[in-house]
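Chemist: this is a predicted model, with the sequence first.
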Amino acid sequence: MKLTLTRKTTKTFYDLKPFGYFKLKFVKYATSLRTIPVSQLKLDHENAFPLTAKQEERIVAMMVKYKTDVLTDGGYLNFYTRTGSGLTPVSHEKFQQYREDDAFKELVNDGFEEQI
């Protein structure tokens, strides 16, 4: 999905796509490999890009379709999710592990077809 967002500057996400099958939840502990407690997620609200209602609708539709709460633009450590601040950069150790460890990736993807 191509998406252009404006804050103080303009940024175009040329290839925004789903990443993994991760669910962000307000729980104390992760109940599965796919669950990431929001309290453990590092959010960068300072660099969030506000979304219009139409843009947010498109992002939510993509997240629902691909069963994930995490998006990437293809950059090695560029991960995003939707928050009240807009499209917000996030980080968690599972994201890098998913990208680097094929065995972990296979466990997370178990029961799902490969995305895109």
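Modeler: Done, it's in. Just so it is clear, the structure is predicted and the values come from calculations on it, not from any experiment. Numbering: from 1, shown residues only.
Chemist: all contacts plus neighbour counts: C-alpha atoms, from now on.
Modeler: Fine.
Chemist: measure the residue positioned nearest the centre of the chain to V27 for me?
Modeler: Closest residue to the average C-alpha location of the chain: V70 at 1.5 Å, with C-alpha atoms, centre = their mean. Distance, V70 to V27, by C-alpha to C-alpha, to the nearest Å: 17 Å.
Chemist: roughly how far does K42 sit from R99?
Modeler: Look at K42 and R99: by C-alpha to C-alpha, they are 18 Å apart.
Chemist: let me fix that: T83
Modeler: To R99, T83 is 23 Å away according to C-alpha to C-alpha.
Chemist: isn't L71 right up against T81?
Modeler: Yes - using C-alpha atoms under 8 Å, L71 is in contact with T81, at 6.1 Å.
Chemist: could you list the buried residues of stretch 14-26?
Modeler: Using 16 or more other C-alpha atoms under 10 Å as the test for burial, stretch 14-26 gives L16, K17, P18, F19, G20, Y21, F22, K23, L24.
Chemist: reformat these as CSV; add pLDDT, distance to K2 and secondary structure.
Modeler: Output for these, formatted as CSV (pLDDT from 0 to 100; distance: C-alpha to C-alpha, whole Å; DSSP: H, G, I helix; E, B strand; the rest coil):
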residue, pLDDT, distance to K2, secondary structure
L16, 93, 6, coil
K17, 93, 9, strand
P18, 94, 13, strand
F19, 93, 16, coil
G20, 91, 19, coil
Y21, 93, 21, coil
F22, 94, 22, coil
K23, 95, 23, strand
L24, 95, 24, strand
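Chemist: show me where the protein has its helices.
Modeler: For the chain, helices defined by DSSP state H occupy the ranges 53-66, 93-100, 102-109.
Chemist: dump these to CSV, plus mean pLDDT, distance to K11 and mean neighbour count.
Modeler: As requested, the helices of the chain are arranged in CSV below (pLDDT from 0 to 100; distance: least, C-alpha to C-alpha, whole Å; neighbours: other C-alpha atoms under 10 Å):
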stretch, mean pLDDT, distance to K11, mean neighbour count
helix 53-66, 94, 14, 15
helix 93-100, 94, 23, 15
helix 102-109, 91, 29, 15
